[in-house]
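A.B. asks: build the 3D model from these lines:
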Amino acid sequence: MYTIKDIDDYQNRLTEEQAEELIKHCNEFDIYPEICAWYDNMDDFYTDWIYDNKIFKTKKEADERYK
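C.D. replies: Prediction:
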């Protein structure tokens with residue numbers, strides 16, 4: 001079971017509430033709480049996932065991944 005101490009928030013960007021939500025999600029899906037990307041907003045997310053890398057073709061597909 002992961003705890004908030006397992007999060008390496010090297011940029012100190014997470015609030016306590018966000019960290020708790022992250023740990024809840026990670027424990028539910030048995031995913032190590034490693035933060036591999038930061039997005040300033042949804043446009044930044046779309047740029048990375050649709051426009052630049054073309055991982056998804058539409059915002060709807062990217063939104064489903066985001067959720």
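
A.B. asks: on the three-state scheme, Lys60 is what?
C.D. replies: helix (DSSP: H, G, I helix; E, B strand; the rest coil).

A.B. asks: and Glu34, by the same measure?
C.D. replies: coil.

A.B. asks: list the contacts for it?
C.D. replies: The contact partners of Glu34, by Cβ atoms under 8 Å, 6 or more residues apart in numbering, come to Asp8. To be clear about C-beta, it is placed using only N, CA and C from the backbone, and glycine gets the same treatment.

A.B. asks: so which bits of the helix or strand of the chain with the lowest mean pLDDT are buried?
C.D. replies: In the chain, no helix or strand scores lower on mean pLDDT, DSSP states H and E than helix 59-66, which sits at a mean of 82. By neighbour count on 16 or more other Cβ atoms under 10 Å, the buried set for helix 59-66 is Ala62.

A.B. asks: residues in contact with stretch 56-67?
C.D. replies: With Cβ under 8 Å, 6+ apart as the test, stretch 56-67 has contacts from 42, 45-46, 49-50, 55.

A.B. asks: state the pLDDT value of Asn33.
C.D. replies: No, residue 33 isn't Asn; it's Pro. Pro33 carries a pLDDT value of 95.

A.B. asks: tally of neighbours for Asp30?
C.D. replies: The burial count assigned to Asp30 is 8, neighbours taken as other Cβ atoms under 10 Å.

A.B. asks: swap in Trp49?
C.D. replies: Counted with other Cβ under 10 Å, Trp49 comes out at 20.

A.B. asks: sorry, back to before: can you redo the contacts of stretch 56-67 as JSON lines with distance to Glu64?
C.D. replies: Listed next are the contacts of stretch 56-67 as JSON lines, based on distance: Cβ to Cβ, whole Å:
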{"residue": "Met42", "distance to Glu64": "13"}
{"residue": "Phe45", "distance to Glu64": "12"}
{"residue": "Tyr46", "distance to Glu64": "13"}
{"residue": "Trp49", "distance to Glu64": "11"}
{"residue": "Ile50", "distance to Glu64": "12"}
{"residue": "Ile55", "distance to Glu64": "12"}
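
A.B. asks: for the buried ones among these, write the corresponding PyMOL selection.
C.D. replies: In PyMOL, this line selects whichever of the contacts of stretch 56-67 come out buried by 16+ other Cβ under 10 Å:
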select buried, resi 45+46+49+50
